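Student: Kindly return the folded structure for what I paste below:
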Amino acid sequence: MTTYPSLVSILIPLFNSEKYIRKALQSVVSQSYSNIEVIIVDDCSTDSSLTVAKEFFIEHNTIPHVIIKNDKNEGVSITRNKLVDNANGDFICFLDSDDYFDHDAIDYLIRIVTSNNTSIGQCLYYSETPDGHPVGTTNKFSPNVILQGKDAVFSMLENEITGFLWHKIFRREVFQDVSFDSKLPVFEDYLVIMTMFIKGANISFGNEQKYHYIQHTSSLTKKSYQKSLDRLLYLDMTKTFVQPLISTEVDKLRLIKHEYMVILMVFINAVKFGAPASDVAKIKEYINIHSLIKLKKQLNLKRFYAIFMIKISPIYFISCLKLLLKLNRNYFRVNMYAF
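Tutor: I've put the predicted structure just below:
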């Protein structure tokens with residue numbers, strides 16, 4: 001193990017992960033970077049997750065750790081706020097309880113952030129099933145630059161910087177005036193990171209995969225269409241955040257493009273998850289046809305005409321999507337990447 005003076009707090013929100021939490025914790029105690037502490041907040045798991053975690057640290061009692069159980073199920077935002085409040089480290093990393101680190105992930109992340117003297121460091125990640133098979137898409141953004149403020153915010157809008165907490169390292173002070181909003185049904189982590197950039201945080205990047213993001217069947221096929229529709233709330237919040245940063249027509253179009261890509265994703269996923277056609281059709285109200293025409297050169301034709309159909313004939317487009325699903329579910333993955 002390599003020892004460094006800076007303490008890194010590894011924060012784990014725990015909920016019903018009895019099958020995976022031991023592997024997650026084993027990846028923590030196996031780190032090549034030794035100056036760590038582990039903070040766990042259990043959000044009233046109904047399985048044996050909490051027992052497994054406690055038994056693990058009986059076996060590994062030399063690792064500084066704190067395990068807290070919420071009095072009632074509070075949700076991920078309150079749980080994350082409690083994790084941050086109990087962190088003592090100079091740096092903070094998040095680990096989801098069903099994911100895991102490569103053995104040198106913390107060492108790699110802290111080298112990124114300290115060598116570049118930035119507020120946040122980000123590595124790449126694997127997206128895989130519990131048995132290790134690649135699944136879904138991963139973000140490969142790793143420029144040899146430092147991004148800050150407006151540049152970082154627009155990189156988030158363009159899906160370059162992710163809104164994920166878990167393949168990043170944060171200096172503790174960036175959480176000083178920032179917290180997770182428990183009232184938000186979605187994107188609470190995304191907006192926290194965006195807020196950090198608006199407040200002046202900067203970020204540097206590594207080009208190696210060090211984090212294993214595990215996608216389960218339940219996460220790949222979420223049953224609640226309301227979770228998809230709730231993402232429309234994010235559009236108004238994002239516009240409020242980003243509007244003060246817009247100074248040119250190009251900036252304006254970049255924001256609109258982001259909004260329309262989110263709308264397309266919401267529309268397709270709402271159809272996939274069985275939302276009533278009347279609810280899905282209302283999404284067209286978020287599209288301005290004149291703004292869409294201005295974006296034509298910036299969108300591939302498939303995406304342009306998909307958004308155009310949402311505005312002009314959403315019921316017909318819903319029927320087309322359902323037919324495509326019925327004909328070939330395995331080939332046609334209904335999400336924004338299919339377009």
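
Student: Could you use CA atoms for every contact and neighbour count after this?
Tutor: Will do.

Student: measure His258 to Leu327 for me?
Tutor: Distance of His258 to Leu327, given as CA to CA, to the nearest Å: 30 Å.

Student: which of these two has more neighbours?
Tutor: Each of His258 and Leu327 has its neighbours counted (other CA atoms under 10 Å); His258 has more, 18 against 11.

Student: Can you check the pLDDT for the nearest residue to the more buried one once chain neighbours are set aside?
Tutor: Spatial nearest neighbour of His258, excluding adjacent residues (CA to CA, 6 or more residues apart in numbering): Leu157 at 5.8 Å. At Leu157, the predicted lDDT confidence score is 94.

Student: swap in Val135?
Tutor: So, for Val135, pLDDT stands at 89.

Student: list the contacts for it?
Tutor: Taking CA atoms under 8 Å, 6 or more residues apart in numbering as the criterion, Val135 is in contact with Ser127, Glu128, Thr129, Gln215.

Student: One more pass at 10 Å, please.
Tutor: Tyr126, Ser127, Glu128, Thr129, Tyr213, Ile214, Gln215, His216, Leu220 (CA atoms under 10 Å, 6 or more residues apart in numbering).

Student: Roughly how far does it sit from Ile39?
Tutor: Distance, Val135 to Ile39, using CA to CA: 29 Å.

Student: strands paired with the one helix or strand Ile12 maps to, and their directions?
Tutor: For Ile12, the host element (DSSP states H and E) is strand 8-14. Strand pairing for strand 8-14, determined by DSSP bridges: strand 36-42 (parallel), strand 91-94 (parallel).

Student: hey, C-alpha coordinates of the shortest one in CSV?
Tutor: Coordinates of each C-alpha in strand 91-94 appear next as CSV, following Å, rounded to 0.1, in the frame of the first residue of the first chain:
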residue,chain,number,x,y,z
PHE,A,91,-11.3,14.4,-0.5
ILE,A,92,-14.6,12.6,-1.1
CYS,A,93,-15.4,9.7,-3.4
PHE,A,94,-18.8,8.1,-3.8
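
Student: if we can go back for a sec, skip ahead from the strand holding Ile12 and say which helix or strand is next.
Tutor: For strand 8-14, the succeeding helix or strand toward the C-terminus, using DSSP H and E, is helix 21-29.

Student: ends of stretch 92-108, how far apart?
Tutor: 14 Å.

Student: remind me which residues of this protein are low pLDDT?
Tutor: For the chain, the stretches with pLDDT under 70 are 1-4, 217-224, 328-339.

Student: and the angle for the strand holding Ile12 with helix 21-29?
Tutor: On the basis of axes from the mean of the first three to the mean of the last three CA atoms, to 10 degrees, strand 8-14 is oriented at 170 degrees to helix 21-29.

Student: Alright, that wraps it up for me.
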